[in-house]
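J.: Got a predicted structure here, sequence first:
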Amino acid sequence: MQNQLARFNSNIHNVVKCFNDLHRPIKHIGLFLLLSLLFFPVVISASNSVALGYTPKYQADFKSFYYVNPDAPKAGKLILSGFGNYDTLNPFVLKGISAQGLSVLTIETLMEQSWDEPYSLYGLIAEKITLADDKLSVTFDINPLAKFSDGKSITADDVLFTFMTLKSDKAHPFYRLYWGDVAGAEVITKQRIRFNFKKKNPELHLIMAQMPVFAQHWVGDRAFDEVVIDKPIGSGPYVVESFDLGKNITYKRNPNYWAKDLGVRRGMYNFDEVIVKYYKDNTVRLEAFKSGEFDYNWEFNSKMWARDYVGPKFKSGEIKKEEVTHSNNAGMQGFVFNTRRELFKDQRVRRALVLAFNFEWSNKNLFYGQYKRCDSYFSNSDMASSGLPEGDELAILNEYRDQLPQDVFDKVWLPPVNSNSKEVRQNLRKAKKLLLEAGWKVKDGVLQNAQGKKFAFEVALAQKGFERILAPYAQNLKKLGIELKYRTVDVALYQRRSDSFDFDMMVSSFGQTQSPGNELLNYWHSSVADQEGSRNLIGLKDPVIDALIEKVIHAKDRKQLIASTRALDRVLLHGDYMVPNWFIDSHRVAYRQKFSYPEVLPRYYGADNWVLKTWWHK
């Protein structure tokens, strides 16, 4: 739900992060990690703020968010790193890899989301929001001060054009799905636009409030997917000053930025210049950081964090290394089975491969004990199922009892534990038994089916660093007669294979908040299983999962939301669609000691947008 747009606006940046040790909390981008308590909005008349089920924290005339320094100086430059490359300045299309930072720095949304509340939005491009009494439409009043980077005023026509463009087949298909319950939009006046809904959807007015807005004249008469290297014309605090495609990009502060004195922007975006330099190898990138080529690094690799953030500059204090806590929902990261492949259609086969992964060994020997095991698609939250189903959750599952395996009702799903050699042997024996039941037998040391086909598959990777994790897993599978190969490919090729579902297994994550919603359609709904570019990497086509997603989206209150999400979680877990990985509840960051950040940390935040929005040069 929250910040899903931002995530898809820089999708490859997030995909690549999955190939480090740490699960990235996903709802992007940062980016993405704010929670909701109830499903009935309090706004039924015009307001400058809206929250899902409670009164927003900040008053209409608030000066700044608590997690920023409103008096932060505006000066200096921030140099960041990107991984791989990029080939487009359009962050809203399926084809290509967009430059890091484009969305957050150059493109504003209708309203701004707070990072220290469950799910609150405050006026930005839209100074007011009005939800109709019947909750079948929402109206936005455009701030008359709002301007694009070229000085032209933002009008309702620009908002309508953005909406229609993003819903077209020339934009990323995510938008058509995410806004699927929006019947259409109509311009009321030059500064007012209304979105009409097909049906009541508790979060849809907030989803539309997060819509990015770009200038109609940026696109002109061209097809949207033909807008590739034209500098975006948005209303953000920065503009693209220069770029070397695939190598670097420089953002310069817009001196005429229209929103700099608004409460939602005061104390934010404090650098005169932001530069992103791209590196194709993480080891090279870390050495570049140490040598001073860039200023800030958010580390996802546990080995590097434990062993490589050392040296004279760390001892002298020139570079500071620290772990900053967050309250982000961990969601689920894991090795994803592509069930479109015949090899992985049988749940017994998938469970056997789950049993063969030794997380405990990896955490001790590879990750330096830094992680916890993902045990839910909503790990580290009250949305996670546990024990046997009961109460409202059981009542929901009982509606589909004849379509679900009995295990959902009378067996607790848990990731296997391999804390000692005895447990490893026991789990491998269980795996062998399941494979035998599924028709796979070992012959001459090789697992084969009745037709003599060998059990072999490939894991696609985007970074070589993940090979050290796959190697011991491959050794365990070899004991079962299974051949696991892994291949690291170019980032662009990796994304194409992900978008077209051209893989056997991939490492991926499904980030969550504690208020799941419409984004679940893009994760696991049948309607997108064959839609190129969707996040349904698993290939799920299950009517029960479809129905449970609908129950989550349309839950009438928090109690029903929790019960519906736990029911969905339980069904997903018992399907063994992923080999669960791990998570951590802190951000591991290192930076040069020429920066400061506010003493008050946000509750829900990604470390990338955190530095862009709230840090400043000393």
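T.: Looks like it came in fine. Numbers count the residues shown, from 1 in each chain.
J.: residue ranges with poor pLDDT in this structure?
T.: Along the chain, segments meeting pLDDT under 70 span 1-45, 514.
J.: domains in it, as residue ranges please.
T.: Taking automatic domain parsing as the reference, the chain has its domains at 41-53+67-281, 332-577.
J.: Take the ones you listed and lay them out in CSV including mean neighbour count and distance to residue 304.
T.: From N, CA and C alone the C-beta is placed, and that goes for glycine too. Converted to CSV, these look like this (neighbours: other C-beta atoms under 10 Å; distance: least, C-beta to C-beta, whole Å):
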stretch, mean neighbour count, distance to residue 304
domain 41-53+67-281, 20, 12
domain 332-577, 19, 8
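J.: of those domains, which approaches residue 308 most closely?
T.: For the domains of the chain, the distance to residue 308 is smallest for domain 332-577, at 11.4 Å, taking C-beta to C-beta.
J.: How far off centre is that closest one?
T.: Domain 332-577 sits 18 Å away from the centroid of its parent chain (C-alpha atoms, centre = their mean, to the nearest Å).
J.: Span of it from start to end?
T.: One end of domain 332-577 sits 11 Å from the other (C-alpha to C-alpha, to the nearest Å).
J.: From here on, call the first residue 8.
T.: That works, and once the first residue is 8, the last one we named lands at domain 339-584.
J.: Next one: residue 598 from residue 327, what distance?
T.: Separation of residue 598 from residue 327 (C-beta to C-beta, to the nearest Å): 6 Å.
J.: Looking at these two, which is more packed in?
T.: A direct count of neighbours by other C-beta atoms under 10 Å for residue 598 and residue 327 places residue 598 higher, at 20 against 13.
J.: How about the secondary structure of the more buried one?
T.: strand (DSSP: H, G, I helix; E, B strand; the rest coil).
J.: same thing with residue 392?
T.: Of the three states, residue 392 takes coil according to three-state DSSP.
J.: okay but it is in contact with residue 577, surely?
T.: Yes - the criterion here is C-beta atoms under 8 Å, and residue 392 meets it with residue 577 at 4.3 Å.
J.: shared neighbours, those two?
T.: Common neighbours of residue 392 and residue 577, using C-beta atoms under 8 Å, 6 or more residues apart in numbering, are 400, 420.
J.: Which one of the domains of the chain lies nearest to residue 301?
T.: domain 48-60+74-288 (4.2 Å).
J.: gap between the closest one and the chain center?
T.: In this view, domain 48-60+74-288 has its centroid 17 Å away from the chain centroid, taken as C-alpha atoms, centre = their mean.
J.: Distance check, the most far-flung residue of the chain relative to its centre against residue 444.
T.: Most distant residue from the mean C-alpha position of the chain: residue 451, 44.0 Å away (C-alpha atoms, centre = their mean). To residue 444, residue 451 is 21 Å away according to C-beta to C-beta.
J.: And the strands in the stretch 458-607 of the chain, which stretches?
T.: Assigned by DSSP state E, counting those that start in this stretch, the strands in the stretch 458-607 of the chain fall at 463-468, 490-495, 512-517, 585-587, 589-590, 593-599, 602-603.
J.: Distance to residue 176 added to the ones you listed, as TSV?
T.: What follows is these, written out as TSV (distance: least, C-beta to C-beta, whole Å):
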stretch	distance to residue 176
strand 463-468	27
strand 490-495	32
strand 512-517	25
strand 585-587	30
strand 589-590	36
strand 593-599	37
strand 602-603	43
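J.: Looking at those, which is nearest to residue 440?
T.: Distance to residue 440, taken as C-beta to C-beta, is lowest for strand 585-587 among these, at 18.2 Å.
J.: if we look at that closest one, which residues are touching it?
T.: With C-beta under 8 Å, 6+ apart as the test, strand 585-587 has contacts from 339-344, 360-361, 364, 366, 380-382, 422, 545.
J.: circling back to that earlier point, how close does the residue farthest from the centre of the chain get to residue 488?
T.: In terms of C-beta to C-beta, residue 451 sits 9 Å off from residue 488.
J.: do the same with residue 584
T.: Residue 584 is 23 Å from residue 488, by C-beta to C-beta.
J.: Same check on residue 188?
T.: To residue 488, residue 188 is 48 Å away according to C-beta to C-beta.
J.: Residue 221: what's it in contact with?
T.: 99, 114, 165, 169, 239-241.
J.: Identify the farthest-apart pair in these.
T.: Largest separation among the contacts of residue 221 by C-beta to C-beta: 99 and 165, giving 14.4 Å.
J.: Among the strands of the stretch 458-607 of the chain, which comes closest to residue 89?
T.: Proximity to residue 89 (C-beta to C-beta) singles out strand 593-599 among these, at 16.2 Å.
J.: next one: the closest one to chain centre, how far?
T.: Relative to its parent chain, strand 593-599 has a centroid offset of 19 Å by C-alpha atoms, centre = their mean.
J.: Show residues contacting it.
T.: Under C-beta under 8 Å, 6+ apart, the answer for strand 593-599 is 29, 296, 299, 302-307, 312, 316, 325-333, 613-614, 617-618.
J.: residues making contact with stretch 347-359?
T.: 344-346, 437-439, 441-442, 444-445, 447, 462, 464, 487, 508, 511, 546, 582-584.
J.: start to end distance for it?
T.: 18 Å.
J.: now swap in stretch 604-612 and tell me
T.: Using C-alpha to C-alpha, one end of stretch 604-612 lies 14 Å from the other.
J.: Now do the contacts for the residue nearest to residue 407 when sequence neighbours are not counted.
T.: Nearest residue to residue 407, sequence neighbours excluded (C-beta to C-beta, 6 or more residues apart in numbering): residue 551, at 4.7 Å. The contact partners of residue 551, taken as C-beta under 8 Å, 6+ apart, are 407, 410-411, 578.
J.: Looking at the residues you listed, which is nearest residue 104?
T.: Nearest to residue 104, judged by C-beta to C-beta, of those is residue 578 at 34.0 Å.
J.: Let me know whether that closest one touches residue 556 as I believe.
T.: No - counting by C-beta under 8 Å, residue 556 is not a contact partner of residue 578; they are 10.3 Å apart.
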